[in-house]
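Asker: what follows is a protein structure lacking sequence information:
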């Protein structure tokens with residue numbers, strides 16, 4: 001997938017409201033073009049950096065470090081230096097975490113739950129908000145609170161069918177599943193109407209992480225990018 005370089009890492013936290021909104025809108029549009037995100041959760045900072053570099057070599061241009069990963073803020077700052085990447089923070093549960101992540105260069109904030117305070121803080125900081133939701137009621141509430149995307153978490157039994165069913169009466173939602181998405185079903189997920197999709201264990205296989213088999217991780221990333229690009 002070709003990279004985009006219209007967004008630079010970091011953000012002026014004291015920027016005028018119009019500039020902040022423009023930054024968020026630019027990130028949102030870039031995410032809608034990029035569509036697939038690599039999401040990494042591990043207990044080893046060096047391993048996280050090496051594994052994420054592998055998927056970037058495989059073609060991913062949107063990456064997310066969960067804040068449960070040691071040194072996540074430092075990792076965000078390191079990877080955000082590359083203007084070809086969109087870097088985000090995951091498992092954001094506190095306003096202070098949101099601020100630290102954005103100051104480091106995060107352009108989007110992801111949570112496993114929907115918290116109106118985090119959504120509002122993301123807007124104030126000029127970054128995209130992706131709160132966690134599962135039911136149509138939760139999705140609509142997050143949307144009305146200002147969420148840019150709604151993360152589908154955890155995964156339903158049939159991700160594409162669930163997304164299509166929800167979008168029937170609620171076609172304005174930007175649903176972004178981050179569980180249950182694989183190389184085999186990602187095209188079906190996107191064709192069902194998902195605005196994007198995140199890969200966790202299906203991309204970062206735990207056994208391969210433990211073995212530091214970065215060639216296998218890179219190869220899987222390249223296959224996912226190839227499938228998505230071909231379908232587009």
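Answerer: Received, thanks. A quick note: this is a predicted structure, and the numbers were derived from the prediction, not measured.

Asker: C-alpha from now on. contacts and neighbour counts both.
Answerer: Noted.

Asker: what sits against the residue nearest the centre of the chain?
Answerer: Nearest to the mean C-alpha position of the chain, by C-alpha atoms, centre = their mean, lies residue 37 at 4.9 Å. Listed by C-alpha atoms under 8 Å, 6 or more residues apart in numbering, the contact partners of residue 37 are 60-64, 196-199.

Asker: what is it paired to in the beta sheet?
Answerer: For residue 37, the beta-bridge partners are residue 198 (DSSP bridges).

Asker: what about it, distance to residue 171?
Answerer: Going from residue 37 to residue 171 by C-alpha to C-alpha, to the nearest Å gives 22 Å.

Asker: circling back to that earlier point, show me just the buried residues among the contacts of residue 37.
Answerer: Neighbour-count burial (16 or more other C-alpha atoms under 10 Å) applied to the contacts of residue 37 gives 60-64, 196-199.

Asker: and those residues, which is closest to residue 122?
Answerer: When those are ranked by distance to residue 122 (C-alpha to C-alpha), residue 64 comes first, at 15.5 Å.

Asker: what number of residues lie near the nearest residue to residue 163 once chain neighbours are set aside?
Answerer: In space, residue 163 comes closest to residue 192 once its chain neighbours are excluded; the distance is 6.3 Å by C-alpha to C-alpha, 6 or more residues apart in numbering. Residue crowding around residue 192 was assessed by other C-alpha atoms under 10 Å; the count is 17.

Asker: please work out how many residues are found near residue 83.
Answerer: 17.

Asker: was I right about residue 51 contacting residue 214?
Answerer: Yes. Counting by C-alpha atoms under 8 Å, residue 51 does reach residue 214; the two are 6.1 Å apart.

Asker: compare the two (neighbour count), which wins?
Answerer: Neighbours were counted for residue 51 and for residue 214 using other C-alpha under 10 Å; residue 51 has more, 23 against 19.

Asker: quick check: phi and psi at that one.
Answerer: Here the main-chain torsion angles of residue 51 (degrees, to the nearest 10) amount to phi -70, psi -40.

Asker: tell me who's in contact with it.
Answerer: Contacts of residue 51 (C-alpha under 8 Å, 6+ apart): 204, 209, 212, 214, 217.

Asker: and the furthest pair within those?
Answerer: Within those, 204 and 212 form the most distant pair, 10.4 Å apart (C-alpha to C-alpha).

Asker: in terms of neighbours, single out the busier of these two.
Answerer: residue 204 (27 against 14).

Asker: where does that one sit: helix, strand or coil?
Answerer: coil (DSSP: H, G, I helix; E, B strand; the rest coil).

Asker: all strands of the chain, in order?
Answerer: 36-40, 62-66, 86-90, 108-110, 128-130, 132-133, 150-152, 175-177, 197-199 (DSSP state E).

Asker: closest to residue 75 out of the ones you listed?
Answerer: Nearest to residue 75 among the strands of the chain is strand 62-66 (7.4 Å), distances taken as C-alpha to C-alpha.

Asker: picking that back up, put together a markdown table for the strands of the chain, with mean pLDDT and distance to residue 46 on each row.
Answerer: Formatted as a markdown table, the strands of the chain follow (pLDDT from 0 to 100; distance: least, C-alpha to C-alpha, whole Å):
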| stretch | mean pLDDT | distance to residue 46 |
| --- | --- | --- |
| strand 36-40 | 98 | 12 |
| strand 62-66 | 98 | 12 |
| strand 86-90 | 98 | 17 |
| strand 108-110 | 98 | 22 |
| strand 128-130 | 98 | 26 |
| strand 132-133 | 98 | 27 |
| strand 150-152 | 98 | 27 |
| strand 175-177 | 98 | 27 |
| strand 197-199 | 98 | 20 |
